[in-house]
Every structure is written in C-alpha cells, then in structure tokens.
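Visitor: everything below, folded, please.
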Amino acid sequence: MIGHQDAEAAFLEGWQGGRLHHAWLLAGPQGMGKGAFAARVARFLVTHGRGGDGQAVALGDPGDSAAGRLVEAGNHPEILHLTRQLKDKSKEFARNITIDQVRTMIRRLHLSLSLGEWRVIIVDAIDDLETDAANALLKTLEEPPAKTLFLLVSHSPGRLLPTIRSRCRTLRFQPVDRDVMTAWLHDLRPMLEIAEVRAIVAASGGVPGKALALIDSDVATMEKKLLAIAATGDPENRLREALAREVGGTSNRARLELVIDIVPGLLAQLARERSVAEIAPILAQWDRVQRTVRDAIRGSYDGTMVGFEIGNCLADLAPRSAQPAR
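Guide: Now for the predicted structure:
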C-alpha cells in the first residue's frame with residue numbers, strides 16, 4: 001500500500017473517538033488502491049468491534065482471528081459487495097450495478113447482525129450505479145441503519161448525485177509524489193534499471209496501480225521498438241502496425257500513455273546523436289506528436305490511430321539512406 005496514510009489516519013481517528021461517519025466516499029484516480037483500502041477498512045471493523053475507547057491501533061492489526069479467517073475466505077456474512085456482475089453466459093461485465101442488486105442489499109440491512117458489531121457495504125464503483133439504483137441507495141444513506149458503514153469507491157466523484165456526495169465524508173486519494181513513487185518501485189522491483197523506473201513513474205502520473213501495470217509493458221523493449229522505427233523508416237509498415245496493435249483499445253490505454261510519455265526522451269536522444277542540421281526536423285516531429293495527442297483527446301482517443309501516427313513521426317526521422325523512395 002502506498003499513498004493511503006492520510007485516509008487511514010482520518011478513518012482511525014473517527015473509530016477511536018466513537019464518531020465514525022456512516023458513509024465514506026473514497027475518491028481519486030483509478031489505480032490508487034481505493035478498493036483495497038475499502039477491503040482493509042471492512043476487515044478492520046469486523047475484527048475490532050465497536051471502537052470509541054481511544055485504543056491505539058493500526059488498520060492492518062489482525063484483531064479477532066476467527067472473524068479474520070472468514071474475511072480471508074471471502075465468507076464473512078457482514079461484508080457485502082456491490083459491483084458489476086458478469087452477464088449471463090458471458091465473460092463480459094454488465095455496464096452498471098443494477099437496481100435489483102441495490103434492493104437485495106437493502107433487504108439484508110433489515111436483518112439483525114449475525115456476527116460482530118458492524119456491517120460493511122462496499123460499492124465499487126459507485127460511478128457504475130444505474131440511475132434508479134443510485135436513487136435507491138440515496139434513500140438508505142439518508143436513513144442509515146445503526147452499525148452499518150458504507151464505503152463508496154468513486155473514480156469520478158464530480159459525476160455523482162450531489163445529494164449522495166453530501167451524505168458522505170470524502171477521503172481523497174491523491175497521486176503520489178514522484179520521488180516517493182520512484183523509491184517505492186525501486187524497492188518493489190530492484191532488478192529494474194533506474195531509468196526504466198523513472199519512465200514508468202512519469203507515465204503513471206503518480207498512480208500506483210497504473211505503475212504496476214506499466215511494469216508488465218516492458219519499457220526497455222518498447223523503447224527499442226520505437227528507436228527501430230526511427231532508425232529504419234519501417235519501409236513496409238510492419239513495425240508501425242505492430243505498435244498500433246500494442247497500444248490500441250481500452251485495455252491498452254496505459255501502454256499508449258507510456259509511449260506518449262517516453263517519445264520526448266527518445267527524440268531528445270536522437271537530437272543529441274544527430275547533426276545540428278537534423279535538430280529542426282526532430283523538433284517538427286515532436287510538434288506533430290503533440291498535435292496528434294491533443295486531437296485524439298478532443299475526439300474519441302483512438303489508441304490505434306495515435307500509435308500508428310506516432311510511428312509515422314519516428315519513421316520520418318530515419319536517415320535518408322534508410323527511407324524508402326517516394
């Protein structure tokens with residue numbers, strides 16, 4: 001866990017003082033570990049009880065071992081999760097958390113606690129609630145049952161109903177400082193070159209989950225592919241087409257952002273290696289890359305198109321002897 005210190009302190013302060021707010025909005029970029037934080041809070045509550053005695057504890061303390069084993073097995077009866085479900089006979093998830101799911105949860109709230117002193121509802125993410133489901137949840141937040149805690153994960157809190165936000169105490173998960181991220185990744189993956197760690201940190205925007213995903217993208221290999229396009233001109237478009245496939249689609253957005261982030265460094269490297277007369281064309285291609293990215297953000301952000309166009313920019317920087325005849 002990284003970047004959760006302030007959120008942990010705020011939660012524990014409320015629990016220790018016996019004034020724990022009934023609904024907490026965990027707000028911040030996707031990949032900050034908000035869902036993992038919610039799971040830790042849920043485990044803490046069902047293993048530590050009522051609170052309010054000023055006891056000095058940490059969120060990771062084990063607490064009641066029997067309740068802890070139920071949590072680890074995913075069988076604790078008082079931790080309820082609301083999330084998008086798999087479609088019938090499909091491996092795809094539904095677009096929304098439905099009104100039926102919320103109604104089922106509400107019916108559970110009318111039952112007495114079967115174990116311990118807390119019931120915890122985790123909604124991950126509340127952004128996924130369909131309209132009727134959001135309205136149903138709002139009514140419950142307005143008149144919450146005793147000893148029930150709601151943990152509402154949100155990647156886009158500004159899009160939520162203002163009435164839902166107003167019923168919650170907000171914990172904001174901010175992007176982590178670059179130096180802290182660099183030290184964390186270096187400790188986590190000591191075999192990575194420091195230059196690769198810094199590239200990943202820069203591309204992650206301070207979001208730990210995104211940084212971990214980028215490690216699997218293999219920064220060094222990606223740099224070699226981009227430099228190969230710049231060195232050969234990719235006369236048969238094979239390298240550019242492969243690049244476009246690698247960064248296209250929603251699932252590859254992190255890899256596309258990595259490419260966008262490391263291109264400036266590669267262009268700077270080429271500028272150092274080339275003659276003075278070749279610096280102006282390199283700067284022109286950098287401007288072209290920037291325009292491509294800006295246009296994509298304004299439009300549909302087609303990763304395949306952006307990847308191929310970045311490849312075109314690099315291909316145009318190949319030495320004349322390597323470029324195909326026009």
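Visitor: for Leu239, see how far away Ala318 is.
Guide: The gap separating Ala318 from Leu239 is 11 Å, by C-beta to C-beta, to the nearest Å. Where C-beta positions appear, they are placed from N, C-alpha and C, glycine not excepted.
Visitor: what is in contact with the two at once?
Guide: Shared contacts of Ala318 and Leu239 (C-beta atoms under 8 Å, 6 or more residues apart in numbering): 229, 232.
Visitor: what are the boundaries of the strands in the chain?
Guide: Ranges of strands in the chain, per DSSP state E, are 23-27, 79-82, 119-124, 148-154, 169-172.
Visitor: closest to Asp6 out of those?
Guide: Of all the strands of the chain, strand 169-172 sits nearest to Asp6, with 7.8 Å by C-beta to C-beta.
Visitor: quick one: mean pLDDT over stretch 316-326.
Guide: Here stretch 316-326 scores 67 as its mean pLDDT.
Visitor: for Gly249, find the nearest of the strands of the chain.
Guide: strand 119-124 (23.2 Å).
Visitor: list the pairing partners of that closest one within its sheet, with orientation.
Guide: strand 79-82 (parallel), strand 148-154 (parallel) (DSSP bridges).
Visitor: and Ala36, what does it touch?
Guide: Applying C-beta under 8 Å, 6+ apart, we find Ala36 in contact with Met1.
Visitor: just the strands paired with strand 119-124: most buried one?
Guide: strand 148-154 (a mean of 24; mean count of other C-beta atoms under 10 Å).
Visitor: chain center to it: distance?
Guide: Centre-to-centre, strand 148-154 and its host chain are 18 Å apart (C-alpha atoms, centre = their mean, to the nearest Å).
Visitor: now that strand: mean pLDDT?
Guide: Mean pLDDT, strand 148-154: 95.
Visitor: now swap in stretch 71-83 and tell me
Guide: Averaged over stretch 71-83, pLDDT sits at 91.
Visitor: dump the C-alpha coordinates for it into CSV.
Guide: The C-alpha coordinates for stretch 71-83 follow below in CSV (Å, rounded to 0.1, in the frame of the first residue of the first chain):
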residue,chain,number,x,y,z
VAL,A,71,-12.8,-12.4,5.7
GLU,A,72,-9.8,-14.1,4.1
ALA,A,73,-12.0,-16.9,2.8
GLY,A,74,-14.5,-14.3,1.4
ASN,A,75,-17.3,-15.7,3.7
HIS,A,76,-17.8,-13.0,6.3
PRO,A,77,-21.6,-12.5,6.5
GLU,A,78,-21.5,-8.8,7.4
ILE,A,79,-19.3,-7.6,4.5
LEU,A,80,-21.4,-7.0,1.4
HIS,A,81,-20.0,-6.0,-2.0
LEU,A,82,-21.9,-4.2,-4.8
THR,A,83,-20.1,-4.4,-8.1
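Visitor: domain-wise, how is the chain divided?
Guide: Following automatic domain parsing, one gets these domains for the chain: 5-172, 176-216, 217-326.
Visitor: now do the contacts for Ala254.
Guide: So Ala254 contacts 203, 210, 213-214, 217 (C-beta under 8 Å, 6+ apart).
Visitor: quickly list what Phe121 is bridged to.
Guide: You called it Phe, but residue 121 is Ile. The partner residues for Ile121, given DSSP bridges, come to Leu80, Phe150.
Visitor: what about it, how many neighbours?
Guide: Each residue near Ile121 was counted by other C-beta atoms under 10 Å, and the total is 26.
Visitor: what separates it from Leu149, distance-wise?
Guide: 7 Å.
Visitor: cool, Leu129 as well?
Guide: 18 Å.
Visitor: what do you get for Leu266?
Guide: 49 Å.
Visitor: circling back: can I get the strands paired with strand 119-124 in TSV with distance to Trp286?
Guide: Formatted as TSV, the strands paired with strand 119-124 follow (distance: least, C-beta to C-beta, whole Å):
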stretch	distance to Trp286
strand 79-82	46
strand 148-154	36
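Visitor: closest to His21 out of these?
Guide: strand 148-154 (8.4 Å).
Visitor: re earlier: and the strands paired with strand 119-124: which comes nearest Leu243?
Guide: Once the strands paired with strand 119-124 are compared by C-beta to C-beta, strand 148-154 is nearest, at 33.7 Å.
Visitor: dump the C-alpha coordinates for that closest one into CSV.
Guide: In CSV, the C-alpha atoms belonging to strand 148-154 read as follows (Å, rounded to 0.1, in the frame of the first residue of the first chain):
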residue,chain,number,x,y,z
THR,A,148,-23.7,-0.1,9.2
LEU,A,149,-20.8,1.5,7.3
PHE,A,150,-20.9,2.4,3.6
LEU,A,151,-17.6,2.6,1.7
LEU,A,152,-18.3,4.1,-1.8
VAL,A,153,-15.4,3.9,-4.3
SER,A,154,-15.5,6.6,-6.9
